[in-house]
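# Just need the structure, nothing else, for what follows:
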Amino acid sequence: MNKEGTTSNGVKHLEGLNEAQKRAVLHKEGPLLIVAGAGAGKTRVITERIAELIRQGVAPENILAVTFTNKAAKEMRERVGRILGEDRGLNLPIFLYNRPFVATFHSLGVHIIRENARAFGLTRHFKIYDRSDSVRGIKTAMQEVGLDPKTLEPRKILNAISRQKGNAVTETEYRETVGNDFFERTVAAVWQKYEKVLLDEGALDFDDLLLKTLVLLRKNPETLRQYQKQWRYIHIDEYQDTNVVQNELAELLASKEGNLCVVGDIDQNIYSWRGADLENLLEFEVRHPSAEVVMLEENYRSTKSILAAANEVIRKNRKRKEKKLFTSNATGERISLYGASDETEEANFVAGTAHKLLRQGIAASDIAVLYRANFQSRVLEEAMLAEGMPYQVLGVQFFERKEIKDVLAFLRAALNPGSLADVKRVINVPPRGIGKVTLLAMFAKQEEKMNLGQRQKVAQFQKLLANIRESIGVKKPSDTIRFVIARSGLEEKLKAGSDDDLERLENIRELVTLATKYDSLAPEEGIEALLTDAALATDQDEMKDDRDSVKLMTVHAAKGLEFDVVFITGLEEGLFPHEGFEGEERDEEEERRLMYVALTRARKKIFLSFAAVRTIFGSSRVNVPSEFIIDLGDEHLEPVEERVEKKKIIYLE
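Numbers count the residues shown, from 1 in each chain. Below is the predicted model of the structure:
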């Protein structure tokens, strides 16, 4: 490569990058910290950096990139593939087989655990507990230690266990350090039983995917060396959101070669409530004194007005790396502020203004409505319906629907008949007349305790699972889903049912459509990938890129996304900034970071709104406008004087 950053075949692959971006892309050996402001092109920098490493002779399979959402990982994989595919100087055929490993932390954990399943006493097809599975498991564990789930909230115990796992603490370590505190002793007792529930069902919960992986690498130097040799260049995106176990995983994998590139922004740390530790980024240079530090401060997304407002909000925070975003984009419009009498008027303003924007030629998919708390979505939905606006609420999980979970449970039970939870879930879906006594005898392999009719029913069910298992091995994933729907009897039952049943059938058919994305993989590998993605799905995975609709979501769910127009609603003291839940002190700096994230989602225009009175949990509350509005002041804000028309609301059932 010559001094101008041109490959021998003449491709000027660094064109369009600013000087700071070029430094990050061209850095090869040793630790690298990239402090990337919102909209500063960090995804492009990571992908160009990966491509540059390959141009310099690094084998693609020696590169690992970890990010936080499936959507971001998919985008990164596609970008890397596109860059490499357009560079004719590279030997392209190898990239059909050997690619950089781009994943989320949890899918990385699944990958390592699957490759070492025997070390955990699991099969490759272990079950991943979702939140409802974990709550059920905690309830079972509580009953086994003599606790009534009605007297102590199971989710509270589960949250305590989850926090410990995120801090890289195992059940044994926790039990050994517990003192006389009643709640801690309760957590320790329940956790011990919960581990047995997981073991009996051949399952891991969401937090285990990271903790078990870390423990494996800690305790098995040979296994650790294997992955250190495999991934010699490691990239961690959204580093400010890593918790203890994620950071230790990254440091452990990079400890041999020392080629750890982390990308983050303190100002966008909004997940401390689930264990994200700011110190991981703040102390990176202490842990790695030789690290090169690159500041990405030029924003390519937003107008000057939007950036000025974002900088104004975040400058009050003390726990941050000093930087100030700037842009060459146009000045743009000032931020509009609407003060509503109540939440209904606020929602009517949002829906009515969005409708006007559509008539002006802005696509519905380029509009987002953000809120601090999920309960705010209801009245906004009602207003969207009344206005006849196309909309989608992020947070209603496709994979959480009963009928979808049933089909996926058939697949898991076929791959792993020892998964008792999956077998129990589907053995009577649709009803097959197999009772609890027969089920217990079946699990205990005591067929002699069944009568002839019971044995026949069990045999038919086991044959169904065997047929599904055979299909998984030879058919495309989408065809296997079709096979499950038809052969299980689900299709016939739902077709003959109510309107709700017909809707459930449509949802299952949507699963067939989704499964076609995996048809290019080997049959069993495709089903494995589908099951993994379903287990690790997030709110953003629900967003249909091809659906022209206004997106309604929490600010947390909007992280990493961008839109032409953004509405930020509910800007009232106690709501945004949030007052914190009972027994918790509000984190003032995190609320400011959250507002900063909300503002920097917008490319062209922002509307802020608040309600003088809002009904929360059945009680009307008189509100004071948010301190964020006061911070922005007249310089950045433009009040909306026009009052909205009162519209008839179509109430949601």
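# So residue 418: helix, strand or coil?
coil (DSSP: H, G, I helix; E, B strand; the rest coil).
# neighbours of it, just the number please.
16 (other Cβ atoms under 10 Å). Where you see a C-beta, it was placed from the backbone N, CA and C, and this is true even at glycine.
# contacting residues for it?
Residue 418 makes contact with 123, 202, according to Cβ atoms under 8 Å, 6 or more residues apart in numbering.
# in stretch 256-263, what's buried?
Using 16 or more other Cβ atoms under 10 Å as the test for burial, stretch 256-263 gives 257, 259-263.
# Then stretch 172-188?
174, 186-188.
# export it as CSV, just CAs?
What follows is stretch 172-188 as a C-alpha-only set of coordinates in CSV (Å, rounded to 0.1, in the frame of the first residue of the first chain):
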residue,chain,number,x,y,z
THR,A,172,-20.7,-21.1,44.6
GLU,A,173,-18.7,-17.9,45.0
TYR,A,174,-21.9,-16.0,46.1
ARG,A,175,-23.0,-18.7,48.6
GLU,A,176,-19.5,-18.6,50.2
THR,A,177,-19.6,-14.9,50.8
VAL,A,178,-23.2,-14.5,52.1
GLY,A,179,-23.6,-13.3,55.6
ASN,A,180,-26.6,-13.0,57.8
ASP,A,181,-28.7,-10.8,55.6
PHE,A,182,-32.1,-12.5,55.1
PHE,A,183,-32.5,-11.6,51.4
GLU,A,184,-29.0,-12.6,50.5
ARG,A,185,-29.4,-15.9,52.2
THR,A,186,-32.7,-16.4,50.4
VAL,A,187,-31.1,-15.6,47.1
ALA,A,188,-28.2,-18.1,47.8
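# what's it in contact with?
147, 152, 157, 160-161, 164, 171, 191-192.
# cool, stretch 473-485 as well?
Here stretch 473-485 has contacts from 407, 410-411, 467-468, 471-472, 490-491, 508-509, 511-513, 515-516, 518-519, 521, 523-524, 526-527, 530, using Cβ under 8 Å, 6+ apart.
# same question, stretch 226-234
53, 58, 61-66, 101, 112, 217, 250, 253-257, 259-261.
# Pick out the residue closest to the middle of this protein.
residue 538 (3.7 Å; Cα atoms, centre = their mean).
# if I read this right, that one contacts residue 73, doesn't it?
No: the criterion here is Cβ atoms under 8 Å, and residue 538 misses it with residue 73 at 10.8 Å.
# What residues does the closest residue in space to residue 626 that isn't next to it in sequence make contact with?
Excluding its sequence neighbours, the residue lying closest to residue 626 (Cβ to Cβ, 6 or more residues apart in numbering) is residue 571, at 3.9 Å. By Cβ under 8 Å, 6+ apart, the residues touching residue 571 are 608-610, 625-626, 628-629.
# biggest helix in this structure, by residue count?
helix 452-474 (DSSP state H).
# In PDB, could you pull the C-alpha coordinates for that helix?
This file holds the C-alpha atoms of helix 452-474, laid out as PDB (Å, rounded to 0.1, in the frame of the first residue of the first chain):
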ATOM      1  CA  LEU A 452     -51.900 -49.800  25.800                       C
ATOM      2  CA  GLY A 453     -53.700 -46.600  24.700                       C
ATOM      3  CA  GLN A 454     -51.200 -44.400  26.600                       C
ATOM      4  CA  ARG A 455     -48.200 -46.300  25.100                       C
ATOM      5  CA  GLN A 456     -49.600 -45.800  21.600                       C
ATOM      6  CA  LYS A 457     -50.100 -42.000  22.200                       C
ATOM      7  CA  VAL A 458     -46.600 -41.600  23.500                       C
ATOM      8  CA  ALA A 459     -45.200 -43.700  20.700                       C
ATOM      9  CA  GLN A 460     -47.000 -41.500  18.100                       C
ATOM     10  CA  PHE A 461     -45.600 -38.300  19.800                       C
ATOM     11  CA  GLN A 462     -42.100 -39.700  19.800                       C
ATOM     12  CA  LYS A 463     -42.400 -40.700  16.200                       C
ATOM     13  CA  LEU A 464     -43.500 -37.100  15.400                       C
ATOM     14  CA  LEU A 465     -40.300 -35.800  17.100                       C
ATOM     15  CA  ALA A 466     -38.200 -38.400  15.200                       C
ATOM     16  CA  ASN A 467     -39.800 -37.200  11.900                       C
ATOM     17  CA  ILE A 468     -39.100 -33.600  12.700                       C
ATOM     18  CA  ARG A 469     -35.500 -34.500  13.600                       C
ATOM     19  CA  GLU A 470     -35.100 -36.200  10.300                       C
ATOM     20  CA  SER A 471     -36.500 -33.200   8.500                       C
ATOM     21  CA  ILE A 472     -34.100 -30.900  10.300                       C
ATOM     22  CA  GLY A 473     -31.200 -32.900   8.900                       C
ATOM     23  CA  VAL A 474     -32.200 -32.800   5.300                       C
END
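# pretty sure residue 324 is in a strand, no?
No: counting by three-state DSSP, residue 324 is not part of a strand but coil.
# How about the contacts made by it?
Contacts of residue 324 by Cβ under 8 Å, 6+ apart are 297, 311.
# Could you report the distance from it to residue 312?
11 Å (Cβ to Cβ, to the nearest Å).
# which residue packs closest to residue 34, ignoring adjacent ones?
Using Cβ to Cβ, 6+ apart, the closest residue to residue 34 is residue 263 (4.4 Å).
# For that neighbour, grab phi and psi.
When quoted as degrees, to the nearest 10, the phi and psi of residue 263 stand at phi -130, psi 130.
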